[in-house]
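>>> coords please:
(one chain, ligands or ions: 1)
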Amino acid sequence: MQSMKAFRSEFQPRNDDILLTSFPKTGTTWLIALCHNILSLDDDGKEEDDVLKKMNPHELAPPLDVNFLSDQVQDLLLDPGRSGGRLLQTHLPYNCLPESVRNSGCKIVHVARNPKDTLVSMWHFYNKILGPFPVERAVESFCSGVLPWGPFYENVVGYWEESNRRPKEVLFLKYEELCRYPEEQVRKLASFMGRPFSSMEDGDAEVGKVLRYSSFNRLKELEVNKNGVWELHRLPNNTFFRKGTVGDWKSYLTPQMAERIDQLTQLKLQGTGLSLDDF
Ligand code: A3P
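Predicted structure coming up:
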(Lines give C-alpha, C1' and ligand atoms only; values in the text may rest on other atoms or scores of the structure.)
Protein backbone atom coordinates (compact mmCIF):
# COMPACT_ATOMS: atom_id res chain seq x y z
CA MET A 1 0.00 0.00 0.00
CA GLN A 2 1.24 3.48 -0.77
CA SER A 3 2.33 5.56 2.18
CA MET A 4 0.34 8.66 2.99
CA LYS A 5 3.37 10.76 2.01
CA ALA A 6 3.70 9.12 -1.38
CA PHE A 7 0.02 9.46 -2.09
CA ARG A 8 0.09 13.10 -1.08
CA SER A 9 2.93 13.96 -3.40
CA GLU A 10 1.62 11.79 -6.22
CA PHE A 11 -1.98 12.90 -6.08
CA GLN A 12 -2.52 15.10 -9.11
CA PRO A 13 -5.76 16.99 -9.25
CA ARG A 14 -7.24 17.49 -12.67
CA ASN A 15 -7.77 20.98 -13.93
CA ASP A 16 -11.50 20.49 -13.81
CA ASP A 17 -11.53 19.18 -10.22
CA ILE A 18 -13.24 21.37 -7.66
CA LEU A 19 -11.82 21.21 -4.16
CA LEU A 20 -14.32 22.23 -1.48
CA THR A 21 -12.58 23.51 1.62
CA SER A 22 -13.91 24.49 5.01
CA PHE A 23 -13.26 24.51 8.69
CA PRO A 24 -15.54 21.80 10.16
CA LYS A 25 -19.15 22.85 10.83
CA THR A 26 -19.09 25.92 8.61
CA GLY A 27 -21.42 24.56 5.91
CA THR A 28 -19.42 21.85 4.13
CA THR A 29 -22.45 19.60 3.66
CA TRP A 30 -24.48 22.40 2.13
CA LEU A 31 -21.64 23.45 -0.16
CA ILE A 32 -21.19 19.89 -1.45
CA ALA A 33 -24.92 19.58 -2.11
CA LEU A 34 -25.02 22.92 -3.94
CA CYS A 35 -22.03 22.07 -6.14
CA HIS A 36 -23.39 18.60 -6.84
CA ASN A 37 -26.75 20.05 -7.86
CA ILE A 38 -25.13 22.70 -10.05
CA LEU A 39 -23.13 20.00 -11.86
CA SER A 40 -26.21 17.76 -12.10
CA LEU A 41 -28.21 20.34 -14.04
CA ASP A 42 -26.43 19.08 -17.15
CA ASP A 43 -27.86 15.59 -16.52
CA ASP A 44 -31.37 16.99 -16.78
CA GLY A 45 -32.55 14.34 -14.31
CA LYS A 46 -35.82 14.14 -12.44
CA GLU A 47 -36.03 14.49 -8.67
CA GLU A 48 -36.51 10.75 -8.16
CA ASP A 49 -33.15 10.15 -9.88
CA ASP A 50 -31.28 12.53 -7.56
CA VAL A 51 -28.42 10.59 -5.96
CA LEU A 52 -28.75 12.74 -2.85
CA LYS A 53 -31.86 10.71 -2.10
CA LYS A 54 -29.62 7.71 -1.56
CA MET A 55 -26.36 9.27 -0.39
CA ASN A 56 -25.21 11.74 2.22
CA PRO A 57 -23.62 14.71 0.33
CA HIS A 58 -20.23 13.83 1.86
CA GLU A 59 -20.16 10.60 -0.12
CA LEU A 60 -20.07 12.67 -3.31
CA ALA A 61 -16.86 14.51 -2.43
CA PRO A 62 -13.98 12.30 -1.25
CA PRO A 63 -11.98 13.91 1.55
CA LEU A 64 -8.31 14.52 0.80
CA ASP A 65 -7.29 14.88 4.42
CA VAL A 66 -8.18 11.67 6.21
CA ASN A 67 -8.40 8.04 5.29
CA PHE A 68 -7.44 8.78 1.78
CA LEU A 69 -5.67 5.49 1.55
CA SER A 70 -8.94 3.67 2.06
CA ASP A 71 -10.11 1.69 -0.95
CA GLN A 72 -13.30 3.67 -1.10
CA VAL A 73 -11.54 7.02 -1.42
CA GLN A 74 -8.90 5.72 -3.80
CA ASP A 75 -11.59 4.26 -6.04
CA LEU A 76 -13.40 7.57 -6.06
CA LEU A 77 -10.24 9.48 -6.87
CA LEU A 78 -9.32 7.15 -9.67
CA ASP A 79 -12.84 7.24 -11.06
CA PRO A 80 -12.85 9.43 -14.15
CA GLY A 81 -16.18 10.71 -12.85
CA ARG A 82 -18.65 12.83 -14.69
CA SER A 83 -17.22 14.82 -17.54
CA GLY A 84 -16.29 18.24 -16.29
CA GLY A 85 -15.26 17.86 -12.75
CA ARG A 86 -14.96 15.78 -9.65
CA LEU A 87 -15.82 17.24 -6.30
CA LEU A 88 -13.23 16.73 -3.56
CA GLN A 89 -13.26 18.07 -0.01
CA THR A 90 -10.81 18.91 2.74
CA HIS A 91 -10.66 20.66 6.12
CA LEU A 92 -6.90 21.14 5.79
CA PRO A 93 -5.60 24.72 6.02
CA TYR A 94 -4.39 26.12 2.70
CA ASN A 95 -0.71 25.93 3.63
CA CYS A 96 -1.08 22.21 4.43
CA LEU A 97 -2.50 21.27 1.03
CA PRO A 98 -0.16 19.13 -1.05
CA GLU A 99 1.90 21.24 -3.44
CA SER A 100 0.46 19.25 -6.33
CA VAL A 101 -2.92 20.75 -5.39
CA ARG A 102 -1.72 24.29 -4.73
CA ASN A 103 0.18 24.40 -8.00
CA SER A 104 -2.56 22.83 -10.08
CA GLY A 105 -5.23 24.65 -12.05
CA CYS A 106 -7.95 23.04 -9.97
CA LYS A 107 -10.55 25.36 -8.52
CA ILE A 108 -10.98 25.80 -4.79
CA VAL A 109 -14.14 26.93 -3.03
CA HIS A 110 -13.99 27.80 0.66
CA VAL A 111 -17.02 28.26 2.88
CA ALA A 112 -16.57 30.21 6.11
CA ARG A 113 -18.96 30.84 9.00
CA ASN A 114 -19.04 33.17 11.96
CA PRO A 115 -16.92 31.77 14.81
CA LYS A 116 -19.63 31.62 17.50
CA ASP A 117 -22.05 29.54 15.40
CA THR A 118 -19.15 27.37 14.20
CA LEU A 119 -18.13 26.71 17.81
CA VAL A 120 -21.68 25.89 18.94
CA SER A 121 -22.26 23.63 15.94
CA MET A 122 -18.99 21.85 16.64
CA TRP A 123 -19.84 21.45 20.32
CA HIS A 124 -23.16 19.80 19.42
CA PHE A 125 -21.42 17.56 16.89
CA TYR A 126 -18.80 16.32 19.35
CA ASN A 127 -21.41 15.96 22.08
CA LYS A 128 -23.24 13.61 19.78
CA ILE A 129 -20.30 11.51 18.68
CA LEU A 130 -18.09 11.59 21.80
CA GLY A 131 -20.62 12.05 24.58
CA PRO A 132 -21.63 15.15 26.50
CA PHE A 133 -19.10 17.73 27.70
CA PRO A 134 -19.60 21.30 28.95
CA VAL A 135 -19.71 24.24 26.56
CA GLU A 136 -16.99 25.93 28.67
CA ARG A 137 -14.55 23.29 27.44
CA ALA A 138 -15.58 23.85 23.84
CA VAL A 139 -14.99 27.60 24.24
CA GLU A 140 -11.59 26.95 25.81
CA SER A 141 -10.47 24.66 22.95
CA PHE A 142 -11.79 27.06 20.34
CA CYS A 143 -10.00 30.07 21.84
CA SER A 144 -6.74 28.22 22.38
CA GLY A 145 -6.88 26.89 18.81
CA VAL A 146 -6.48 23.29 19.94
CA LEU A 147 -9.00 21.72 17.60
CA PRO A 148 -8.98 19.22 14.78
CA TRP A 149 -7.93 21.14 11.64
CA GLY A 150 -7.47 24.22 13.80
CA PRO A 151 -6.79 26.86 14.76
CA PHE A 152 -10.01 28.18 13.26
CA TYR A 153 -8.84 31.68 12.36
CA GLU A 154 -5.61 30.66 10.64
CA ASN A 155 -7.49 28.07 8.59
CA VAL A 156 -10.08 30.60 7.36
CA VAL A 157 -7.66 33.49 6.83
CA GLY A 158 -5.36 31.26 4.74
CA TYR A 159 -8.13 30.70 2.18
CA TRP A 160 -9.31 34.30 2.40
CA GLU A 161 -5.87 35.59 1.50
CA GLU A 162 -5.49 33.07 -1.31
CA SER A 163 -8.90 34.07 -2.71
CA ASN A 164 -7.66 37.67 -2.86
CA ARG A 165 -4.42 36.62 -4.54
CA ARG A 166 -6.03 34.22 -7.04
CA PRO A 167 -9.72 35.13 -7.40
CA LYS A 168 -10.13 33.09 -10.58
CA GLU A 169 -9.03 29.89 -8.83
CA VAL A 170 -10.15 30.41 -5.23
CA LEU A 171 -13.68 31.46 -4.28
CA PHE A 172 -14.47 32.47 -0.69
CA LEU A 173 -18.11 32.12 0.42
CA LYS A 174 -19.80 32.76 3.75
CA TYR A 175 -22.54 30.63 5.30
CA GLU A 176 -24.42 33.74 6.42
CA GLU A 177 -24.43 35.21 2.90
CA LEU A 178 -25.65 31.92 1.48
CA CYS A 179 -28.53 32.09 3.97
CA ARG A 180 -29.27 35.75 3.30
CA TYR A 181 -28.73 36.03 -0.46
CA PRO A 182 -29.09 32.43 -1.67
CA GLU A 183 -29.88 33.17 -5.35
CA GLU A 184 -27.06 35.67 -5.73
CA GLN A 185 -24.55 33.41 -3.99
CA VAL A 186 -25.51 30.33 -6.00
CA ARG A 187 -25.14 32.30 -9.22
CA LYS A 188 -21.71 33.41 -8.09
CA LEU A 189 -20.74 29.84 -7.22
CA ALA A 190 -22.00 28.44 -10.52
CA SER A 191 -20.18 31.11 -12.57
CA PHE A 192 -16.99 30.36 -10.69
CA MET A 193 -17.46 26.66 -11.46
CA GLY A 194 -17.75 27.54 -15.14
CA ARG A 195 -21.47 26.80 -15.32
CA PRO A 196 -23.17 30.20 -15.23
CA PHE A 197 -26.96 30.40 -15.17
CA SER A 198 -28.75 32.39 -17.77
CA SER A 199 -30.18 35.69 -16.57
CA MET A 200 -33.50 34.72 -18.18
CA GLU A 201 -36.44 32.98 -16.53
CA ASP A 202 -35.07 29.49 -17.16
CA GLY A 203 -31.90 30.56 -15.31
CA ASP A 204 -34.01 31.61 -12.31
CA ALA A 205 -35.80 28.26 -12.41
CA GLU A 206 -32.48 26.40 -12.39
CA VAL A 207 -31.17 28.45 -9.47
CA GLY A 208 -34.40 27.65 -7.62
CA LYS A 209 -34.00 23.96 -8.37
CA VAL A 210 -30.40 23.90 -7.07
CA LEU A 211 -31.44 25.67 -3.87
CA ARG A 212 -34.49 23.45 -3.32
CA TYR A 213 -32.59 20.22 -3.88
CA SER A 214 -29.79 21.36 -1.53
CA SER A 215 -32.01 22.83 1.16
CA PHE A 216 -31.55 21.95 4.81
CA ASN A 217 -35.21 20.97 5.24
CA ARG A 218 -35.19 18.65 2.25
CA LEU A 219 -31.88 16.95 3.04
CA LYS A 220 -32.58 16.59 6.75
CA GLU A 221 -35.85 14.77 6.08
CA LEU A 222 -34.46 12.28 3.57
CA GLU A 223 -34.44 8.72 4.89
CA VAL A 224 -30.73 8.35 4.08
CA ASN A 225 -29.88 11.32 6.29
CA LYS A 226 -32.22 10.30 9.11
CA ASN A 227 -30.95 6.76 9.48
CA GLY A 228 -27.96 6.25 7.19
CA VAL A 229 -24.28 6.18 8.08
CA TRP A 230 -21.29 7.67 6.25
CA GLU A 231 -19.27 4.49 6.19
CA LEU A 232 -15.92 6.16 5.55
CA HIS A 233 -15.97 7.76 9.01
CA ARG A 234 -18.71 5.58 10.50
CA LEU A 235 -20.63 8.77 11.26
CA PRO A 236 -24.43 8.83 11.39
CA ASN A 237 -25.59 11.06 8.56
CA ASN A 238 -27.93 12.92 10.92
CA THR A 239 -24.91 14.45 12.70
CA PHE A 240 -24.53 16.77 9.70
CA PHE A 241 -28.00 18.27 10.03
CA ARG A 242 -28.95 20.07 13.23
CA LYS A 243 -30.55 23.51 12.98
CA GLY A 244 -29.12 25.17 9.90
CA THR A 245 -29.61 28.78 11.05
CA VAL A 246 -27.58 31.90 11.82
CA GLY A 247 -27.19 33.11 15.41
CA ASP A 248 -28.04 29.92 17.30
CA TRP A 249 -25.01 30.64 19.51
CA LYS A 250 -27.22 33.04 21.47
CA SER A 251 -28.98 30.04 23.03
CA TYR A 252 -25.75 28.52 24.37
CA LEU A 253 -23.00 31.09 24.97
CA THR A 254 -22.99 33.46 27.94
CA PRO A 255 -22.36 37.18 27.26
CA GLN A 256 -18.85 36.69 28.73
CA MET A 257 -18.08 33.81 26.36
CA ALA A 258 -19.40 35.80 23.40
CA GLU A 259 -17.31 38.80 24.40
CA ARG A 260 -14.18 36.67 24.69
CA ILE A 261 -14.70 35.23 21.20
CA ASP A 262 -15.54 38.63 19.70
CA GLN A 263 -12.31 40.08 21.07
CA LEU A 264 -10.30 37.17 19.73
CA THR A 265 -12.01 37.49 16.35
CA GLN A 266 -11.16 41.18 16.20
CA LEU A 267 -7.54 40.46 17.04
CA LYS A 268 -7.16 37.58 14.58
CA LEU A 269 -8.87 39.30 11.66
CA GLN A 270 -7.20 42.67 12.19
CA GLY A 271 -5.68 43.93 8.95
CA THR A 272 -7.02 41.05 6.85
CA GLY A 273 -10.08 42.87 5.48
CA LEU A 274 -12.19 39.85 6.42
CA SER A 275 -15.28 40.03 8.62
CA LEU A 276 -17.09 37.00 9.98
CA ASP A 277 -20.34 38.51 11.23
CA ASP A 278 -23.52 36.74 12.22
CA PHE A 279 -25.80 39.39 10.71
P1 A3P B 1 -25.80 23.79 12.87
O2 A3P B 1 -25.14 22.81 13.80
O3 A3P B 1 -25.61 25.21 13.30
O4 A3P B 1 -27.22 23.47 12.61
P5 A3P B 1 -20.68 20.99 8.12
O6 A3P B 1 -21.51 20.58 6.98
O7 A3P B 1 -19.49 21.81 7.75
O8 A3P B 1 -20.39 19.86 9.03
O9 A3P B 1 -21.58 22.03 8.94
C10 A3P B 1 -22.72 21.60 9.63
C11 A3P B 1 -23.63 22.79 9.85
O12 A3P B 1 -24.28 23.12 8.62
C13 A3P B 1 -24.74 22.44 10.83
O14 A3P B 1 -25.06 23.68 11.46
C15 A3P B 1 -25.83 21.94 9.90
O16 A3P B 1 -27.10 21.95 10.47
C17 A3P B 1 -25.70 22.94 8.76
N18 A3P B 1 -26.23 22.42 7.47
C19 A3P B 1 -26.13 21.18 6.97
N20 A3P B 1 -26.74 21.10 5.77
C21 A3P B 1 -27.23 22.33 5.52
C22 A3P B 1 -28.00 22.88 4.43
N23 A3P B 1 -28.35 22.14 3.40
N24 A3P B 1 -28.33 24.20 4.50
C25 A3P B 1 -27.96 24.96 5.56
N26 A3P B 1 -27.27 24.50 6.62
C27 A3P B 1 -26.89 23.19 6.60
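>>> what does this protein have sitting close to the ligand?
For the chain, the residues in contact with the ligand (CB under 6 Å from any ligand atom) are 22, 24-30, 33, 117, 121, 124, 214-216, 219, 240-244, 248. The C-beta positions use only the backbone N, C-alpha and C, and glycine is treated the same way.
>>> buried residues, the one helix or strand residue 160 maps to. List them.
If you go by DSSP states H and E, residue 160 is part of helix 152-165. Burial within helix 152-165, assessed by neighbour count using 16 or more other CB atoms under 10 Å, is assigned to 152-153, 155-163.
>>> can you list the strands that the following helix or strand past that helix pairs with?
Using DSSP H and E, the helix or strand that follows helix 152-165 towards the C-terminus is strand 170-174. In the sheet, strand 170-174 lines up against strand 107-112 (parallel) (DSSP bridges).
>>> residue 214 touches residue 34, doesn't it?
Yes - in this structure residue 214 lies within contact range of residue 34 using CB atoms under 8 Å: 4.7 Å.
>>> so which of these two has more stuff around it?
Of the pair residue 214 and residue 34, residue 34 is the one with more neighbours under other CB atoms under 10 Å, namely 28 against 24.
>>> where do the helices sit along the stretch 1-150 of the chain?
Applying DSSP state H, counting those that start in this stretch to the stretch 1-150 of the chain gives helices spanning 4-10, 28-40, 71-78, 99-102, 115-130, 135-144.
>>> make a ChimeraX selection of the buried ones in the residues of the chain next to the ligand.
ChimeraX command restricting the residues of the chain next to the ligand to the buried ones, with burial defined by 16+ other CB under 10 Å:
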select :22,24,25,26,27,28,29,30,33,117,121,124,214,215,216,219,240,241,242,244,248
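>>> one step back: from the buried residues of helix 152-165, which is closest to residue 13?
Residue 13 has its nearest neighbour among those in residue 162, at 15.2 Å by CB to CB.
>>> quick check: end-to-end length of stretch 100-115?
End-to-end distance of stretch 100-115 (CA to CA, to the nearest Å): 30 Å.
>>> and if you look at stretch 35-52?
Stretch 35-52 end-to-end distance (CA to CA) = 12 Å.
>>> closest point of the stretch 51-200 of the chain to the ligand, which residue?
residue 121 (3.2 Å; CB to the nearest ligand atom).
>>> quick one: pLDDT of the nearest residue to that residue once chain neighbours are set aside?
Using CB to CB, 6 or more residues apart in numbering and skipping residues adjacent in sequence, the residue nearest residue 121 is residue 25, 3.9 Å away. You'll see residue 25 listed with a pLDDT of 98.
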